[in-house]
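>>> sequence and predicted structure, then a few things I'm wondering about:
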Amino acid sequence: MTSLKTILSVLIVVLLTVLIVVFNKPEGQNNQDKDNTLQVESYNDQSEYQEIHLYFADRKQLFLRAEKRRLASLSDPAEAGENILKMLIQGPAQGLMRTIPEGTKISAFYITDAATAYVDLSEEVRDNQPGGATTELLTIYSIVNSLILNIPEINRVKILICGRESMTLAGHISLRPHFKADMLLIR
């Protein structure tokens with residue numbers, strides 16, 4: 001009974017936080033206006049960029065491999081995290097396989113004071129998932145590792161779908177826990 005109360009309390013807090021994020025957008029911006037295309041600004045000074053590693057599936061889709069990218073240095077970790085997610089959704093530049101299904105959109109992204117990143121994705125992440133436990137695992141840890149290993153302010157990641165906690169992406173890996181980075185999946 002106590003664990004049920006705890007779960008309900010956590011769900012209410014998550015839902016309220018998502019609602020606050022959604023309704024505190026600047027005027028004229030709504031979810032349809034949100035574009036997952038990364039806007040890269042051109043800088044002459046190399047110090048205005050930071051090198052990051054995005055994690056995509058290898059050709060056999062058994063492990064994650066890092067792809068180096070440059071991201072405009074941002075002082076806001078939440079903005080950096082959202083840009084990392086946008087790049088993951090766009091897919092790899094060359095040689096690797098995408099881990100997040102095409103058409104997936106970011107509904108919300110925020111970082112709590114407890115260093116937990118909440119990633120709320122559209123239903124395409126679930127509906128367009130090709131299936132299989134390994135593919136599901138690679139999708140989850142592509143997101144988790146790319147955020148945690150690039151943003152020091154993030155220690156764990158919670159994945160939501162359409163603003164709600166979901167059991168799984170495609171029936172294999174539970175999305176209920178908060179995830180920490182998993183270096184064993186990286187080659």
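Looks like it arrived, so ask away.
>>> and stretch 117-128, end to end?
Using CA to CA, to the nearest Å, one end of stretch 117-128 lies 23 Å from the other.
>>> just name the shakiest helix or strand of the protein by mean pLDDT.
helix 2-23 (a mean of 53; mean pLDDT, DSSP states H and E).
>>> which element is the spatially most central residue of the chain on?
The chain has residue 143 as the residue nearest its centroid, 4.4 Å off, counting by CA atoms, centre = their mean. Taking DSSP states H and E as the criterion, residue 143 maps to helix 133-148.
>>> all helices for the protein, in order.
With DSSP state H as the criterion, the chain has helices at 2-23, 77-90, 124-127, 133-148.
>>> coming back round to it: which secondary structure elements does the helix holding residue 143 sit against?
In terms of contacts (3 or more CB pairs under 8 Å, 6 or more residues apart in numbering; DSSP states H and E), helix 133-148 is packed against strand 49-57, strand 64-72, helix 77-90, strand 116-121, strand 156-161. C-beta coordinates here come from the backbone N, C-alpha and C atoms, glycine included.
>>> what about this structure, any weak spots by pLDDT?
Counting by pLDDT under 70, the ranges of the chain that qualify are 1-47.
>>> in stretch 75-84, what's buried?
77, 78, 80, 81, 82, 83, 84 (16 or more other CB atoms under 10 Å).
>>> roughly how far apart are residue 51 and residue 69?
8 Å (CB to CB, to the nearest Å).
>>> nope, residue 102 is what I meant
Residue 102 is 19 Å from residue 69, where distance means CB to CB.
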